[in-house]
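A.B. asks: compute the structure for the input listed below.
(chains A and B)
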Amino acid sequence: MSNGDSNLPLLVILVGGLKDGFVRRAKNTLERLGVEFVLCDNVYSAVGDLAKIESTNVLIIGRLGLLSKEQGRFFHMARVKGYRCCCLADKDLVYNQKLILKAIESGAYLIDKPAEIEEVLMKLLAGGDIRSSAEKENRRASGFRKDEFRTTKAELDALLEVQSDERP
Amino acid sequence: MKGHNSSSDRNPDPGELEGAQKILLVGEIGKAFLDVGNITDERYELCANMLDAVDAATKNDFAAIGIVMAGTSPKLSSALRALRAGTDAKIILLARMYEEPIAIQLLTSTCNGTNLADDYLICPLHLDRFYESVITTETRGPAKVARSVSLDAKIEEKIKQLERLATEDDLTGLKNRRYIWEFSRQIIERAAKENGRVTLLVFDIDNFKHYNDVYGHYIGDEVLKQAAVLMQRCCRSHDVVGRIGGDEFAVVFWDDPQAKPDGAPDERRSPRADHPTEAIFIAKRFVRELENSELTPLAGLGPEGKGILTISGGLASFPRDGSTIQELFQQADAALLEAKRSGKNRIHLVGKPQSDIADIE
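C.D. replies: Sure thing, here's the model as predicted:
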């Protein structure tokens, strides 16, 4: 996960509609913690808002399904720009494995319960780096560690019938 | 032409065009333009997807944004709303013929009182002409200021009129032969890639010359107009109906993913699969409607006028009966001839010379 500039105040981009219980919960938590945030209906308006801001101390929160539009392109953009992402990947939903991999590769922090968002925010506000715990959390959410992920990528690509970079 | 890297803010090189004279193209431009390989200038910037486009358009000034619908997300409205919020650039949708209904729908949708897109163009286009038409008529400041609003409206109306003349049959308002041909070509190309299916119905009105000779050409024209209305009423909204000759019509039935209800099963689409049941059902419905209709021009005939109008037609399907538009027309024409030879007032399927669609459940 890329570093945001922690000297700047944290800005959160919350992606999703208020009909979503996770978004409502995150919004309430942000208000209670006094964190500045922008609510965006979808990932496209999030990109539009991100293009207008200077700060790099940005955390983007949303459901994995919403943030992974356009084949996970958003995760790549966030990584390049140094933004952090925190995605809810509910245990009981089925996700495209390739998109989960893209999120993990870009350093996104995956949580599997809405309640965990509070812990993430507290950690960030306390000056902690969610990256240090991301690996553990990602392992929990996706079922394998990053080093395991590296060794099994070729196998996974074969399963998904994807042409791997390593192949001639 | 430049690929736009959304990850960095660009510092324009000296001598480059001002941002406000550049056009941002989004999606797979090879699907929209004929001469992509020849362009090496700085008039265009490229984005592969709508996320990068929103980022680029919010940070830079563009004269216009051309969005190739074929290469972008099927649900464009969210992305267009974000584009509208981030830029004042003119948004032009670049649609294939079969995407026209979606383009019109997007064009008429609004976001805070503004339409999601300003215009749409039917592809394929030439990059040079596209640039010239967008920059010269819409965005060069002085030209725009000098032109009065009423003149703009008149020119726009004139262009629409010319477009109608180029693609529509002026008697019936149906699409003309040129449109049907090009539409079929594009839709077959798409069907070949996406394992889809296209069915062509070619039909004419039995003994049409008789109406002209006995009742006069005015009545003949009215018969054609009412037959056209009836056919359109029987078809699905995305099917394309055209008049391709004097009393000859064609209908292109195709799989529209947007029109298919979620979870609806696909029909079999192998080359050996039978004709699609929807097309047969629609053709049957048309024949039935025609039998039951009392066409106004023939009202003077009293009860004898009812059911007097009959048609003969031929149905051919891609990929079953042919793989090009020429082959499909040839096959459908052959089936139409067979229908006429075997007594008229029937629609024949290619490969089933002994039976017309009335026998098919």
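
A.B. asks: for chain A, which segments count as helices?
C.D. replies: For chain A, the helices defined by DSSP state H occupy A:21-33, A:43-52, A:64-67, A:69-81, A:97-105, A:116-125, A:130-142, A:146-160.

A.B. asks: export the fourth one to PDB, keeping only CA atoms.
C.D. replies: The C-alpha coordinates for helix A:69-81 follow below in PDB (Å, rounded to 0.1, in the frame of the first residue of the first chain):
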ATOM      1  CA  LYS A  69     -15.300  -1.300 -11.600                       C
ATOM      2  CA  GLU A  70     -13.400  -1.300 -15.000                       C
ATOM      3  CA  GLN A  71     -11.500  -4.400 -14.200                       C
ATOM      4  CA  GLY A  72     -10.000  -3.000 -11.000                       C
ATOM      5  CA  ARG A  73      -8.500   0.000 -12.700                       C
ATOM      6  CA  PHE A  74      -9.300   2.200  -9.700                       C
ATOM      7  CA  PHE A  75      -6.900   0.300  -7.500                       C
ATOM      8  CA  HIS A  76      -4.100   0.900  -9.900                       C
ATOM      9  CA  MET A  77      -4.900   4.600 -10.000                       C
ATOM     10  CA  ALA A  78      -5.000   4.800  -6.200                       C
ATOM     11  CA  ARG A  79      -1.700   3.000  -5.900                       C
ATOM     12  CA  VAL A  80       0.100   5.300  -8.400                       C
ATOM     13  CA  LYS A  81      -1.200   8.400  -6.700                       C
END
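
A.B. asks: mind listing what's buried along it?
C.D. replies: Neighbour counts using 16 or more other C-beta atoms under 10 Å in any protein chain shown place A:69-70, A:72-79, A:81 of helix A:69-81 among the buried residues. (Glycine included, C-beta is placed from N, CA and C.)

A.B. asks: need the residues of chain A near chain B, please.
C.D. replies: A:41-45, A:47-48, A:50-52, A:69-71, A:73-74, A:77, A:80-81 (C-beta under 8 Å from any C-beta of the partner chain).

A.B. asks: on that earlier part again, switch the buried residues of helix A:69-81 over to CSV; also include pLDDT.
C.D. replies: Below are the buried residues of helix A:69-81 laid out as CSV (pLDDT from 0 to 100):
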residue, pLDDT
A:K69, 86
A:E70, 87
A:G72, 88
A:R73, 91
A:F74, 93
A:F75, 91
A:H76, 90
A:M77, 91
A:A78, 90
A:R79, 88
A:K81, 88
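
A.B. asks: spatially central residue in chain B, please.
C.D. replies: In chain B, the C-alpha nearest the mean C-alpha coordinate belongs to B:M97, at 3.3 Å (C-alpha atoms, centre = their mean).

A.B. asks: where does chain A have low pLDDT?
C.D. replies: Within chain A, the segments meeting pLDDT under 70 span A:1-7, A:91-93, A:128-168.

A.B. asks: any chance you could map the strands in chain B?
C.D. replies: Ranges of strands in chain B, per DSSP state E, are B:2-3, B:23-26, B:44-47, B:64-68, B:90-95, B:110-111, B:114-115, B:119-122, B:198-205, B:240-243, B:248-254, B:311-318, B:346-349.

A.B. asks: packing partners of the fourth one?
C.D. replies: It refers to strand B:64-68. strand B:23-26, helix B:50-59, strand B:90-95, helix B:127-134 (3 or more C-beta pairs under 8 Å, 6 or more residues apart in numbering or on different chains; DSSP states H and E).

A.B. asks: and the two most separated of the buried residues of helix A:69-81?
C.D. replies: A:K69 and A:K81 (16.9 Å; C-beta to C-beta).

A.B. asks: quick one: residues contacting B:R177.
C.D. replies: B:242-245, B:250 (C-beta atoms under 8 Å, 6 or more residues apart in numbering or on different chains).

A.B. asks: and the least confident of the residues you listed?
C.D. replies: Across these, the bottom pLDDT score, 91, is held by B:G245.

A.B. asks: for that one, what are its contacts?
C.D. replies: B:177, B:204 are the contacts of B:G245 under C-beta under 8 Å, 6+ apart.

A.B. asks: repeat the analysis, applying 10 Å as the threshold.
C.D. replies: Contacts for B:G245 (C-beta atoms under 10 Å, 6 or more residues apart in numbering or on different chains) come out as B:169, B:177, B:202, B:204.

A.B. asks: closest one of the residues you listed to chain A?
C.D. replies: The closest of these to chain A turns out to be B:R177 (C-beta to the nearest C-beta; 39.4 Å).

A.B. asks: okay, now B:E278: neighbour count?
C.D. replies: For B:E278, the neighbour count with other C-beta atoms under 10 Å in any protein chain shown is 16.

A.B. asks: any idea how far chain A is from it?
C.D. replies: 32 Å (C-beta to the nearest C-beta, to the nearest Å).

A.B. asks: excluding chain neighbours, what is closest to that residue?
C.D. replies: B:F253 (6.5 Å; C-beta to C-beta, 6 or more residues apart in numbering or on different chains).

A.B. asks: per-residue pLDDT, that neighbour?
C.D. replies: 92.

A.B. asks: for the stretch 51-200 of chain B, which residues are neighbours of chain A?
C.D. replies: Applying C-beta under 10 Å from any C-beta of the partner chain, we find that the stretch 51-200 of chain B lies next to chain A at B:51-60, B:72-73, B:75-87.

A.B. asks: same thing but at 8 Å, please
C.D. replies: Residues of the stretch 51-200 of chain B lying near chain A (C-beta under 8 Å from any C-beta): B:51-52, B:54-55, B:58-59, B:73, B:78-79, B:81-83, B:85-86.

A.B. asks: circling back: what would the strands of chain B look like in CSV with mean neighbour count?
C.D. replies: Converted to CSV, the strands of chain B look like this (neighbours: other C-beta atoms under 10 Å in any protein chain shown):
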stretch, mean neighbour count
strand B:2-3, 12
strand B:23-26, 27
strand B:44-47, 22
strand B:64-68, 25
strand B:90-95, 24
strand B:110-111, 12
strand B:114-115, 14
strand B:119-122, 18
strand B:198-205, 25
strand B:240-243, 23
strand B:248-254, 24
strand B:311-318, 26
strand B:346-349, 25
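
A.B. asks: now distance to B:V223 too, for those strands, in TSV please.
C.D. replies: Output for those, formatted as TSV (distance: least, C-beta to C-beta, whole Å):
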stretch	distance to B:V223
strand B:2-3	56
strand B:23-26	47
strand B:44-47	50
strand B:64-68	42
strand B:90-95	34
strand B:110-111	41
strand B:114-115	40
strand B:119-122	31
strand B:198-205	7
strand B:240-243	12
strand B:248-254	12
strand B:311-318	11
strand B:346-349	19
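
A.B. asks: mean pLDDT lowest for which of these?
C.D. replies: strand B:2-3 (a mean of 50).

A.B. asks: returning to that earlier point: B:G351: which of the helices and strands packed on strand B:64-68 is closest?
C.D. replies: strand B:90-95 (34.3 Å).

A.B. asks: now that closest one, how far from the chain's geometric center?
C.D. replies: 16 Å (C-alpha atoms, centre = their mean, to the nearest Å).

A.B. asks: sheet-wise, list the partners of that strand with their directions.
C.D. replies: strand B:64-68 (parallel), strand B:119-122 (parallel) (DSSP bridges).

A.B. asks: let me have those strands in a markdown table, extended by distance to B:R346.
C.D. replies: Below are these laid out as a markdown table (distance: least, C-beta to C-beta, whole Å):
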| stretch | distance to B:R346 |
| --- | --- |
| strand B:64-68 | 43 |
| strand B:119-122 | 36 |
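
A.B. asks: which of those sits closest to B:D333?
C.D. replies: strand B:119-122 (26.7 Å).

A.B. asks: low pLDDT regions in the stretch 51-200 of chain B?
C.D. replies: Residues of the stretch 51-200 of chain B meeting the criterion pLDDT under 70: B:71-74, B:136-152.

A.B. asks: tally up the residues packed near residue 113, please.
C.D. replies: The chain I'm using is chain A. Counted with other C-beta under 10 Å, A:K113 comes out at 12.

A.B. asks: that answer is for a different chain, and I need it for chain B
C.D. replies: B:G113, neighbours per other C-beta under 10 Å, totals 5.
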